[in-house]
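# Next one to model:
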Amino acid sequence: MKRIAILGSTGSIGCQTLDIVRMHQDIFAAEVLVAGSNADLLVAQAKEFNPNVVVIADESKLDFLRSALESLPIKVYAGAKAIEEVVMLDCVDIVVAAMVGFAGLRPTLAAIKAHKPIALANKETLVVAGQLVMQQAALNGVPILPVDSEHSAIFQCLNGERHLTPKSIILTASGGPFRGWTREQLESVTPQQALKHPNWSMGAKVTIDSASLMNKGLESIEARWLFSCPPSKLKIVVHPQSIIHSMVEFEDNSIKAQLGMPDMRLPIQYALTFPDRLACPAAPLDFAAHSNLTFEYPDRKVFENLQIAFDAMERGGNAPCAMNAANEIAVKAFLQGEVSFLKMPELIRETMSRASFVENPTLDDYMQSDAECRAIATEILSHR
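Take a look at the predicted model:
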């Protein structure tokens, strides 16, 4: 029995992780469930899966949660500190890090220091502090098992090839709902349009990032750290069908790809069972139904966020941290109608230009940089 702590259990990845637990109850147990603010769904999950501990980040929901679960032998906590503490419990065998945004960094580091394997779905953890996280993982002998479909694909393609240095790592992108659109067309897009992803069902923040191609920029930075790959060897190819999840090119120009239906339960389960494979609730791939696989290159002049991410990766230091903080503010402002789709890259660039640069940041530097850039971005928005 593998006992799982799910950070972000009420989100898209968390719910799909519980689908896998539900299917393989003889193998997995949801030992710890952590949610942001969705107390109602957390209560329902707790009643179904009977975890040892539940935690809600929103401390105002603690009394409600305790009252709703008082008849069950479940420990109930709230707050950021509690999240960091529960991942270190002896009853946890693996941590699914699926909290959204910068908030996932500290709990992931706490789990690593407690020698817990990490099934990583929170890409911001490596975007913000990739060097620090991977150093800590190596120091503590902790495997970082990728959950993002792209990184899971690369991980699978590299199995048996770890002694070789890839010629390039190719991340595929769906192109989102606005693939092929011009800047003129993008000037008036609404959050409702941006939230209609053609292939994937994801949370709002990730879906907007996908529409702006920031998601692919974040994933590129993540791949840079996960696979020790210099930015010059990272390539992006738009593949609208989302059947090929990513590829690895070797020195002989041979390319390995991982294919499957666009269903996050497949990479989640692989991270939980590696190096084994089990029957999965994801549908099998029907080649006849998906016989037309196409590829194109992204337009970085129209979708500026992708270039911003690569520029931040090349600069290094705390630049990706600054970019991530500004992007989180930009996405929230766009969803609330406070900034247009095309103004998001402007906000991110301006924030980064004003931010303090630290070449070799510590954890405290990352925390300060995140706070500084959120304040800068918010101040810029207040004058628009």
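# going forward, measure contacts between C-alpha atoms and count neighbours the same way
Noted.
# Ramachandran angles for the closest residue to Ser152 other than its chain neighbours?
The shortest distance from Ser152 to any non-neighbouring residue, by C-alpha to C-alpha, 6 or more residues apart in numbering, is to Pro146 (5.3 Å). Backbone torsions of Pro146, given as degrees, to the nearest 10, read phi -70, psi 140.
# which residues touch Pro146?
By C-alpha atoms under 8 Å, 6 or more residues apart in numbering, Pro146 lies in contact with 119-121, 152, 155, 267, 271.
# for Lys196, same thing?
Counted by C-alpha under 8 Å, 6+ apart, Lys196 has contacts 177, 207.
# so what's the backbone phi/psi at Pro73?
Residue torsions, per degrees, to the nearest 10, at Pro73 are phi -80, psi 60.
# With the one 3 residues further on instead?
Backbone dihedrals for Val76, given as degrees, to the nearest 10, come out at phi -130, psi 130.
# Reformat the contacts of Pro146 as TSV; add distance to Arg349.
As requested, the contacts of Pro146 are exported to TSV (distance: C-alpha to C-alpha, whole Å):
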residue	distance to Arg349
Ala119	31
Leu120	28
Ala121	26
Ser152	30
Phe155	32
Pro267	33
Ala271	35
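# Of these, which belong to helices?
152, 155, 267, 271 (DSSP state H).
# wait, which of those residues is closest to Val55?
Ala271 (23.1 Å; C-alpha to C-alpha).
# Can you check what pLDDT the model gives that closest one?
At Ala271, the predicted lDDT confidence score is 98.
# my guess is Met323 contacts Glu350, does it?
No. Met323 is not in contact with Glu350 according to C-alpha atoms under 8 Å; the separation is 10.0 Å.
# Of the two, give the one with the bigger neighbour count.
Met323 (32 against 15; other C-alpha atoms under 10 Å).
# Spit out the contact partners of that one.
Met323 neighbours (C-alpha under 8 Å, 6+ apart): 309, 312, 348-349, 351-352.
# Taking the residues you listed, tell me the two that lie furthest apart.
Ala309 and Thr351 (13.5 Å).
# Beyond the helix or strand containing Phe334, next helix or strand please.
Counting by DSSP states H and E, the element that carries Phe334 is helix 319-335. Next in sequence after helix 319-335, counting helices and strands by DSSP H and E, comes helix 343-354.
# Let me have the contacts of Pro146 in JSON lines, extended by distance to Val92 and neighbour count.
Formatted as JSON lines, the contacts of Pro146 follow (distance: C-alpha to C-alpha, whole Å; neighbours: other C-alpha atoms under 10 Å):
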{"residue": "Ala119", "distance to Val92": "13", "neighbour count": "27"}
{"residue": "Leu120", "distance to Val92": "15", "neighbour count": "25"}
{"residue": "Ala121", "distance to Val92": "17", "neighbour count": "26"}
{"residue": "Ser152", "distance to Val92": "22", "neighbour count": "22"}
{"residue": "Phe155", "distance to Val92": "24", "neighbour count": "23"}
{"residue": "Pro267", "distance to Val92": "20", "neighbour count": "27"}
{"residue": "Ala271", "distance to Val92": "15", "neighbour count": "26"}
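# ok, the residues you listed vs Ile329, which is closest?
Among those, and counting by C-alpha to C-alpha, the member closest to Ile329 is Ala121, at 20.3 Å.
# No more questions from me, cheers.
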